[in-house]
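# no letters, just coordinates:
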């Protein structure tokens, strides 16, 4: 099969975005399940941060799949490429980040600033993505936004990765050089008191592009295979199921590792870093390969129109599932719980139970409300802004009927 047999849009991979975001959501609220399930199950759910790895492998695949064969590192090409990346990522991130700092000025919630002396300076570091290079600042503002620094570093690097691969035929040498550069920066700066700029090896390997670059290269490799060979295959192995099973095995391995002092998951154990950064990505690529070449229940479900919509809005869900918006919902539910008991008292009713007293049910309510808000923001702000920027003269004059501006493309 040739490249012509490849689709320009892959609904199942859009659905995968929702899956990845929900896995991260579970990992952040696994403590809710600790009293109702064995501790081993809670530890297993704690390692569902693997959703971030799914995002990174997916980004490597999609950017390569879309751009590699039409890649020309010219000034105009690079401007158009950056324009598309800005349209896709920046508007909602900027809006939600600014609102996070407005929230800080109203509430003085130290989770936003972590005591950083200059709030305007920290805001500037957020909207320029550079806070993700500092171990003391990565979880300020919208804490989970650290991964966008990693993503933006990849977006900026991708054309040069393509160039080196095409011109010099050097592929896996590149992640070795990038990771080595990250480790060298730690050696240089770990004793420099500058808010943890590449301050330690664990931070660098988990929260920076230099440490996580292999995940993107695995996605790139998968895209290159499909661009060269298409989706036809003779093997009857169900890579979708095998890949998913191996993904869960990696999660299981991390759940059995000791959590280092001061960190949050088995991921932060040195063996956890190896498992997450180097063993898990090929398993995810295998899962993707199955979705692209097989007809399975996974592919059917992830291709449903509603799941596709959840995938399209999952970027917003990821940005709001942790932080001030979720805190507001949680506070509202706690107040609703109080109102229920006040109602019981006012009407002389038994108040042994309330619909809002169960933590798991409350988490499900928040999950549903966060998804509803994500869809609303996607339809009213993110999607219109994406289209507007792509059709504008930002960075480069818009060219009518330019395929780079078509919203139906895969990324």
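Good, I have the coordinates. Computed from a predicted structure; not experimentally measured.

# now do the strands in the protein.
Using DSSP state E, no strands are found in the chain.

# pLDDT weak spots in it?
For the chain, applying pLDDT under 70 flags the ranges 1-6, 351-352, 400-411.

# where is the longest helix in it?
Counting residues, the longest helix in the chain under DSSP state H turns out to be helix 75-107.

# for that helix, packing partners?
helix 110-113, helix 119-127, helix 146-168, helix 314-320, helix 324-346, helix 383-391 (3 or more Cβ pairs under 8 Å, 6 or more residues apart in numbering; DSSP states H and E). Glycine gets a C-beta too; all of them are placed from N, C-alpha and C.

# I'd like those written out as a markdown table, with distance to residue 229 added.
Output for the helices and strands packed on helix 75-107, formatted as a markdown table (distance: least, Cβ to Cβ, whole Å):
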| stretch | distance to residue 229 |
| --- | --- |
| helix 110-113 | 48 |
| helix 119-127 | 41 |
| helix 146-168 | 17 |
| helix 314-320 | 29 |
| helix 324-346 | 43 |
| helix 383-391 | 31 |
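
# quick check: which of these is buried the most?
Neighbour counts (mean count of other Cβ atoms under 10 Å) averaged over each of the helices and strands packed on helix 75-107 peak at helix 314-320, with a mean of 24.

# just give me how far that one sits from the chain centre.
9 Å (Cα atoms, centre = their mean, to the nearest Å).

# helices or strands up against that helix?
helix 11-28, helix 75-107, helix 359-377.

# pretty sure residue 100 contacts residue 326?
No - at 11.8 Å, residue 100 and residue 326 do not qualify as touching, with contact defined as Cβ atoms under 8 Å.

# ok, the residue nearest to residue 63 when sequence neighbours are not counted - contacts?
Ranked by Cβ to Cβ, 6 or more residues apart in numbering and with sequence neighbours excluded, the top spatial neighbour of residue 63 is residue 158, at 5.1 Å. The contact partners of residue 158, taken as Cβ atoms under 8 Å, 6 or more residues apart in numbering, are 63, 64, 67, 216.

# quick one, what contacts the last one?
By Cβ under 8 Å, 6+ apart, the residues touching residue 216 are 56, 57, 59, 60, 154, 158, 209.

# and for the third one?
Listed by Cβ under 8 Å, 6+ apart, the contact partners of residue 67 are 81, 158, 159, 162.

# report the separation between the second one and residue 294.
Noted for residue 158: a distance of 28 Å to residue 294, by Cβ to Cβ, to the nearest Å.

# state the distance from residue 60 to residue 117.
Counting by Cβ to Cβ - residue 60 and residue 117 are separated by 37 Å.

# with residue 185 instead?
24 Å.

# who has more neighbours, these two?
residue 185 (17 against 7; other Cβ atoms under 10 Å).
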